[in-house]
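**Student:** Please find the sequence and the predicted model below.
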Amino acid sequence: MEVKICLIGKGNVGTCFLQLLKEKRDNIKVNFNFNCKLIAIFEHDGALINNDGIDLDDILEDYNNLRKNQYWKSNVKAQNLISTLDIDICIETTPTNPNTGEPAITHIIQALSNNIDVISSNKAPFYLQYEKIKNLAEKMNCLVKFEATVASCVPALSIKKNLIGNTISRIRAILNGTNNYILSRMTAEGISFSVALKEAQELGYAETDPTLDINGYDTAGKLVILSNKLLGWSKTIEDVKIKGITKITPHALELAKLDGYVIKHIAIAEENNLIVEPRLVKRESPLNIQGILNLIELQTINAGSIILIGRGAGGFEAASAILNDLISIAKKRRNRN
Amino acid sequence: MIYLEVKLPDIPGSLIELIKPVSQNGGNIYGVLHHHDKKINTMIPVDIWFELSEELIELSLENIKKGLIEKNIQLIKISLGSKNKVLTFILTGHVFDTDITDTIKRLGSKNIKVLELHAKFTEVDEISSVIMKVEFPEVMTKFESIAEIEKICKEKNLFLIRS
């Protein structure tokens, strides 16, 4: 079987995905019995399009080769060309506005409207317009997967299929490695928020502009995606009560420690409420994880607590989640055909 | 937790007679204490504490009392342990400048009793933090008690971190 794909956005995640695809293509062919043919790569200023398949080795050698390639077309936009391409799956990894979800929402809607399955690593479309995307996918009998949007390669969303005989009643999670790193350092060293943030930036754990992380917006978006997917809710980021971590002081952390607590930035989906805020957590709690790790605790009715822990960010982490989604969709397409 | 205080004759087998009506009515016994030092004539004060299922607590207690009377066991006192709930939280901001005594009093006026309080500050008029352990009545939900705390925090611009 041949699966024809296009990639929109060849940034860090997109490039890591192509590298991973190159590494694993033989393995995919042997184990899952399909060939993955890359038809198009869209960038902000044009696209590389070859209906016979793009040579991965060639484009991964040198990023600039993309624009020097004979198949490069300048000044074309994905939203205008998706409908003209013969592709099965669209992989969407563009830099996207966190408040509008664009251009990712347009790309996703365009792909689904043209009967193309979608994989995305962009959170915003799913915390802003999940219902619209889900309904369109159902109407067009298409698949949409977005495992990379929450905790990257940690199978936070796909675990649902392994819990179909159970019921998830509550989610508690640590979904932002930057914030968890800052709080871990403040707790361990007694340093101020600003010093811990600067350290995180120097180590590459925090963005130059960390606003979306430290004010809790990034975590809130991920919580919406988790609760919609795992609990079957229809929430948007507007429904989340959000508090960030900027007001946490070394004094507060010291007081917490004296009473056997730590302070963690927790995302909670419980009793139809979505909350992101700093909480006192018992030192011995499984939620007390250190550094840049993410954690998702699913409280189930029949099996108590189930906990997933792992690295929640990084190019190859996200790329491996995208590849999982790709294999999963390819298997379903084979069954569908 | 239910605390039962009785007087038993200091003879073998009398403790069994006390335990029977408790266990036969669903009591999960946690402890028994003989006050030999308080023995008067042949009677020893004995404390027993146990738990009962919430749904059956009234009926079970009635049956236990009846059972004790039938066995001529002298019942001194039955008391139910505190059912109040406890919550720990931290307030950060101008905790002292905004009158912490007033904060405590206002919590008290909503039946939220401060059990413990510890503070950390550099100067009283600078940003400081307090950790409080409070007790709120059983009739109040945790959500309701937090809503009361949040009201005060909003008014005094204090940052709440709760358990």
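**Tutor:** Perfect, I can see it now.
**Student:** And the helices in the chain, which stretches?
**Tutor:** Here I'm looking at chain A. If DSSP state H is used as the criterion, the helices of chain A fall at A:12-32, A:56-61, A:65-68, A:78-81, A:104-113, A:124-128, A:130-139, A:177-189, A:193-202, A:211-214, A:217-231, A:250-258, A:315-336.
**Student:** um, chain B though
**Tutor:** So, for chain B - with DSSP H - the helices run B:14-24, B:57-70, B:100-109, B:142-156.
**Student:** Report the distance from stretch A:83-93 to the chain centre.
**Tutor:** Averaged C-alpha coordinates place stretch A:83-93 at 19 Å from its chain's average position (C-alpha atoms, centre = their mean, to the nearest Å).
**Student:** Would you indicate which residues of it are buried?
**Tutor:** Using 16 or more other C-beta atoms under 10 Å in any protein chain shown as the test for burial, stretch A:83-93 gives A:85, A:87-93. C-beta: built from backbone N, CA, C; applies to glycine.
**Student:** now, which of these lie within strands?
**Tutor:** If you go by DSSP state E, the buried residues of stretch A:83-93 have A:89-92 in strands.
**Student:** Closest one to chain B out of these, please.
**Tutor:** residue A:92 (37.4 Å; C-beta to the nearest C-beta).
**Student:** So, low pLDDT: which residues of chain B?
**Tutor:** Within chain B, the segments meeting pLDDT under 70 span B:81-83.
**Student:** residues from it in reach of chain A?
**Tutor:** B:88-90, B:92-93, B:118-121, B:127-131, B:133, B:159, B:161-163 (C-beta under 8 Å from any C-beta of the partner chain).
**Student:** Drop anything exposed from the residues you listed.
**Tutor:** B:88-90, B:92-93, B:119-120, B:127-131, B:133, B:159, B:161-163.
**Student:** Among the residues you listed, name the ones in strands.
**Tutor:** B:88-90, B:92-93, B:119-120, B:128-131, B:133, B:159, B:161-162.
**Student:** wait, which of those residues is closest to residue A:293?
**Tutor:** Of all these, residue A:293 sits closest to residue B:161, with 21.0 Å by C-beta to C-beta.
**Student:** Identify the residues contacting the closest one.
**Tutor:** For residue B:161, the contact set (C-beta atoms under 8 Å, 6 or more residues apart in numbering or on different chains) comprises A:248, A:252, A:256, A:263, A:277-280, B:89-90, B:92.
**Student:** try residue B:128
**Tutor:** Each residue near residue B:128 by C-beta under 8 Å, 6+ apart is listed here: A:251, B:92-96, B:119-122.
**Student:** Would you single out the least confident of the helices of chain A?
**Tutor:** Out of these, helix A:65-68 stands lowest, with a mean of 84 (criterion: mean pLDDT).
**Student:** what residues does it touch?
**Tutor:** With C-beta under 8 Å, 6+ apart, helix A:65-68 has contacts from A:10, A:41, A:43, A:45-46, A:48, A:58-59, A:72, A:74.
**Student:** Which one of the residues you listed sits in the busiest neighbourhood?
**Tutor:** Most neighbours among the contacts of helix A:65-68, by other C-beta atoms under 10 Å in any protein chain shown: residue A:41, with 27 neighbours.
**Student:** is it true that it touches residue A:6?
**Tutor:** Yes. Using C-beta atoms under 8 Å, residue A:41 makes contact with residue A:6 at a distance of 7.2 Å.
**Student:** who in chain A is up against chain B?
**Tutor:** Checking chain A against chain B by C-beta under 8 Å from any C-beta, the hits are A:243, A:247-249, A:251-252, A:254-256, A:258-259, A:261, A:263, A:277-281.
**Student:** Of those, grab the buried ones for ChimeraX.
**Tutor:** Written as a ChimeraX command, the selection of buried residues from those, which uses 16+ other C-beta under 10 Å, is:
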select /A:243,247,248,249,251,252,254,255,256,259,261,263,277,278,279,280,281
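**Student:** before we move on, the earlier item: possible to save the contacts of residue B:161 as CSV with distance to residue A:191?
**Tutor:** Conversion of the contacts of residue B:161 to CSV gives the following (distance: C-beta to C-beta, whole Å):
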residue, distance to residue A:191
A:248, 12
A:252, 13
A:256, 15
A:263, 14
A:277, 22
A:278, 17
A:279, 21
A:280, 20
B:89, 23
B:90, 18
B:92, 16
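**Student:** Which residue comes closest to whichever residue of the stretch 101-250 of chain A sits closest to chain B once chain neighbours are left out?
**Tutor:** Nearest to chain B in the stretch 101-250 of chain A, going by C-beta to the nearest C-beta, is residue A:247, at a distance of 4.3 Å. In space, and not counting its chain neighbours, residue A:247 is closest to residue B:159: 4.3 Å by C-beta to C-beta, 6 or more residues apart in numbering or on different chains.
**Student:** Could you report the separation of the one you found from residue B:5?
**Tutor:** Applying C-beta to C-beta, to the nearest Å, the value for residue B:159 to residue B:5 is 47 Å.
**Student:** now swap in residue B:68 and tell me
**Tutor:** As judged by C-beta to C-beta, residue B:68 and residue B:5 stand 11 Å apart.
**Student:** higher neighbour count, these two?
**Tutor:** Neighbours were counted for residue B:68 and for residue B:5 using other C-beta under 10 Å; residue B:68 has more, 20 against 17.
**Student:** doesn't residue B:18 make contact with that one?
**Tutor:** Yes. Between residue B:68 and residue B:18 there is a contact at 7.3 Å, judged by C-beta under 8 Å.
**Student:** Can you get me a residue count around residue A:222?
**Tutor:** Residue A:222 has 26 neighbouring residues, counting by other C-beta under 10 Å.
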